[in-house]
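Chemist: model the following, please.
(2 chains)
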Protein chains: 2
Amino acid sequence: MSEKRGKLIVISGPSGAGKSTVIQKLMEMRSDLCFSVSATTRAPREGEVEGTDYFFVTRDMFERMVRHGELLEHAEYVGNYYGTPSRYVEQRRAAGKHVLLDIEVQGASQVRSRIRDAITIFVIPPSLETLRQRLRDRGTDSDTVIQNRLKRARAEYKEATFYDYIVINDDPDEAAHELDSIITAACCRFEERGELLKL
Amino acid sequence: MSEKRGKLIVISGPSGAGKSTVIQKLMEMRSDLCFSVSATTRAPREGEVEGTDYFFVTRDMFERMVRHGELLEHAEYVGNYYGTPSRYVEQRRAAGKHVLLDIEVQGASQVRSRIRDAITIFVIPPSLETLRQRLRDRGTDSDTVIQNRLKRARAEYKEATFYDYIVINDDPDEAAHELDSIITAACCRFEERGELLKL
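Modeler: Just a heads-up that it's a prediction; the model follows:
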């Protein structure tokens, strides 16, 4: 049923949960899945491509998009705006593609309240101790930065009460399999296929 | 998390939808899944084993089980009672096994209203025309019997409004994969894992 409308899949999770690796594996598993492209006021970095990595816009343009309700969600981060353009998501979904958003808890909460049939998934490490260890093993963060990340993870856990699913990233292949299953199951729901019973 | 309580999975679908084949494939895929054993007043057939194929009981015993609320669901079929003993299902679930019931729409409706967290799945052929063709290809049923089976399928479709999922059995491997995904996804639900966010 390739003509069927695609799903909106929202994935969040604390930094260090290994979300990027899991999402990459998921993307390799499903050709019916595409990544959302965000709008941002941040300057393009070397090699970043307009419309692929981001839609690069001015602050004025971004604020106009917010006023006109053209963003599914948006947030400010280190002085720059980031947001998800509704139109891009809508076009991909209409073309039968599932669209994946990798956004923070606040943004996911905005999507949750706007898009009824969004599938929201919170990816976590097996424990905060594992998270601490993973951040240490990376070797890129100071102890203070690690402490802050853990503090932030705790805060996110408290706010993450509205997600439909929780995926524990112990083994990335297993976690990607769970994400894949969640999408497949969502497409089998009665609300999706009930019309097949009308003869 | 092997100590976790197993799920109750209820599968129904019209005769000729190919349910048995799909369920067999599913059982081979998941070692955490077991089949429910029904109680019946029908006489054992050659080779049938008490406690494996059925729990064979007298009419008196069956009716007492019904009165005492010991059955999750029950129905009369061609003069014999069939039912699902709650205790067996409960024991397996407590041991961390998912328990699969293959029952008709009426029985599934009884389970649906009693077991809040049951997962109910309706397996259908791609179309009633496919169903007709499959029944013909079997070569075991007369035209009249096939007509009756189709009529019954139509009636079941009308009643099957309460299922959580619909699985279309076009390719049995694909259908088994969908069932597998539905179980995996159900185990990832927030209600199952939300306690992991309480630190």
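
Chemist: and the next element down the chain from the lowest-mean-pLDDT helix or strand in chain A?
Modeler: Using mean pLDDT, DSSP states H and E, the weakest-scoring helix or strand in chain A turns out to be helix A:128-138, at a mean of 91. As assigned by DSSP states H and E, the chain's next helix or strand after helix A:128-138 is helix A:143-159.

Chemist: I'd assumed A:Lys25 was in contact with A:Ala176.
Modeler: Yes. In terms of C-beta atoms under 8 Å, A:Ala176 counts as a neighbour of A:Lys25; the distance is 3.8 Å. The C-beta positions use only the backbone N, C-alpha and C, and glycine is treated the same way.

Chemist: out of the two, which sits in the more crowded spot?
Modeler: A:Ala176 (22 against 16; other C-beta atoms under 10 Å in any protein chain shown).

Chemist: for burial, what's the neighbour tally of A:Lys151?
Modeler: If you count neighbours by other C-beta under 10 Å, A:Lys151 ends up with 10.

Chemist: still on that earlier bit, sort out which residues of the least confident helix or strand of chain A are buried, please.
Modeler: A:Leu128, A:Thr130, A:Leu131, A:Arg132, A:Arg134, A:Leu135 (16 or more other C-beta atoms under 10 Å in any protein chain shown).

Chemist: got the residues you listed as a markdown table, with distance to A:Arg189 columns?
Modeler: Converted to a markdown table, those look like this (distance: C-beta to C-beta, whole Å):
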| residue | distance to A:Arg189 |
| --- | --- |
| A:Leu128 | 33 |
| A:Thr130 | 33 |
| A:Leu131 | 32 |
| A:Arg132 | 38 |
| A:Arg134 | 34 |
| A:Leu135 | 37 |
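
Chemist: B:Ile182: which of those residues is nearest?
Modeler: The closest of the buried residues of helix A:128-138 to B:Ile182 turns out to be A:Thr130 (C-beta to C-beta; 28.6 Å).

Chemist: if I look at the closest one, how far off is B:Leu100?
Modeler: Between A:Thr130 and B:Leu100 the computed distance is 34 Å (C-beta to C-beta, to the nearest Å).

Chemist: for chain A, which segments count as strands?
Modeler: Assigned by DSSP state E, the strands in chain A fall at A:8-12, A:33-35, A:38-40, A:54-56, A:71-77, A:80-85, A:98-102, A:119-124, A:165-168.

Chemist: would you mind saying which of these lies nearest B:Ala118?
Modeler: strand A:165-168 (18.6 Å).

Chemist: how about the closest one: buried residues?
Modeler: Under 16+ other C-beta under 10 Å, the buried positions of strand A:165-168 are A:Tyr165, A:Ile166, A:Val167, A:Ile168.

Chemist: what's the least confident helix or strand of chain A in contact with?
Modeler: The contact list for helix A:128-138, computed with C-beta atoms under 8 Å, 6 or more residues apart in numbering or on different chains, reads A:14-18, A:125, A:141, A:146, A:149-150, A:153-154, B:199.

Chemist: can I get the residues you listed in JSON lines with neighbour count, distance to A:Phe190 and pLDDT?
Modeler: As requested, the contacts of helix A:128-138 are arranged in JSON lines below (neighbours: other C-beta atoms under 10 Å in any protein chain shown; distance: C-beta to C-beta, whole Å; pLDDT from 0 to 100):
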{"residue": "A:Pro14", "neighbour count": "25", "distance to A:Phe190": "33", "pLDDT": "93"}
{"residue": "A:Ser15", "neighbour count": "18", "distance to A:Phe190": "37", "pLDDT": "86"}
{"residue": "A:Gly16", "neighbour count": "23", "distance to A:Phe190": "37", "pLDDT": "86"}
{"residue": "A:Ala17", "neighbour count": "24", "distance to A:Phe190": "32", "pLDDT": "90"}
{"residue": "A:Gly18", "neighbour count": "21", "distance to A:Phe190": "33", "pLDDT": "90"}
{"residue": "A:Pro125", "neighbour count": "22", "distance to A:Phe190": "34", "pLDDT": "95"}
{"residue": "A:Asp141", "neighbour count": "15", "distance to A:Phe190": "46", "pLDDT": "86"}
{"residue": "A:Ile146", "neighbour count": "19", "distance to A:Phe190": "45", "pLDDT": "92"}
{"residue": "A:Arg149", "neighbour count": "17", "distance to A:Phe190": "41", "pLDDT": "90"}
{"residue": "A:Leu150", "neighbour count": "18", "distance to A:Phe190": "41", "pLDDT": "93"}
{"residue": "A:Ala153", "neighbour count": "22", "distance to A:Phe190": "36", "pLDDT": "94"}
{"residue": "A:Arg154", "neighbour count": "13", "distance to A:Phe190": "37", "pLDDT": "95"}
{"residue": "B:Leu199", "neighbour count": "9", "distance to A:Phe190": "36", "pLDDT": "80"}
